[in-house]
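Q: Predicted model and sequence below, questions to follow.
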Amino acid sequence: MKMRVVTTRLPLPLAEKIDKISQRLERSRGWILQQALLDWIQREDERTRLTLEGLADVDAGRVIDHSAVQAWADSLNSDNPLPPPTLRE
């Protein structure tokens with residue numbers, strides 16, 4: 001796999017944390033940063049996927065009425081909580 005060097009400036013406390021983790025794991029700072037970046041990108045990709053999926057549900061009318069959700073949430077601390085609201089199609 002081809003590689004490319006990318007540089008950035010980090011606040012000193014963050015750089016020091018990276019150094020400590022690097023020493024503890026006996027891995028290079030580059031390896032630590034690569035793992036952190038891969039993890040962040042994976043979470044960001046999943047967040048984007050879920051957002052697009054949610055928007056598609058809204059476009060298709062697969063939604064739960066806000067007032068029903070609010071009533072359910074308000075009932076959770078009562079003696080008789082409501083059942084969770086169902087999908088309105």
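A: Now that the structure is in, tell me what you want to look at.

Q: mind checking how far the longest helix belonging to the chain is from the chain centre?
A: The residue-count maximum for a helix in the chain (DSSP state H) belongs to helix 29-59. Put simply, helix 29-59 sits 7 Å off its chain's centre (C-alpha atoms, centre = their mean, to the nearest Å).

Q: Only the buried residues of that helix, if you could.
A: Of all the residues in helix 29-59, those buried under the rule 16 or more other C-beta atoms under 10 Å are 32, 33. Backbone N, C-alpha and C define where each C-beta goes, glycine included.

Q: Toward the C-terminus, what is the element adjacent to it?
A: helix 66-75 (DSSP states H and E).

Q: Distance of residue 80 relative to residue 65?
A: Relative to residue 65, residue 80 is positioned 20 Å away (C-beta to C-beta, to the nearest Å).

Q: While we're on the residue nearest to residue 25 when sequence neighbours are not counted, how confident is the model there?
A: Spatial nearest neighbour of residue 25, chain neighbours left out: residue 32 (7.2 Å); criterion: C-beta to C-beta, 6 or more residues apart in numbering. For residue 32, the pLDDT comes out at 98.

Q: Repeat that for the one 3 residues further on.
A: Confidence per residue is given as pLDDT, and for residue 35 that number is 98.

Q: related to what we said a few turns ago, next, the contact list for the residue nearest to residue 25, please.
A: Residue 32 makes contact with 18, 21, 22, 25 under the criterion C-beta atoms under 8 Å, 6 or more residues apart in numbering.

Q: Can I get these in a markdown table including neighbour count and distance to residue 10?
A: Below are the contacts of residue 32 laid out as a markdown table (neighbours: other C-beta atoms under 10 Å; distance: C-beta to C-beta, whole Å):
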| residue | neighbour count | distance to residue 10 |
| --- | --- | --- |
| 18 | 16 | 7 |
| 21 | 16 | 13 |
| 22 | 16 | 13 |
| 25 | 11 | 18 |
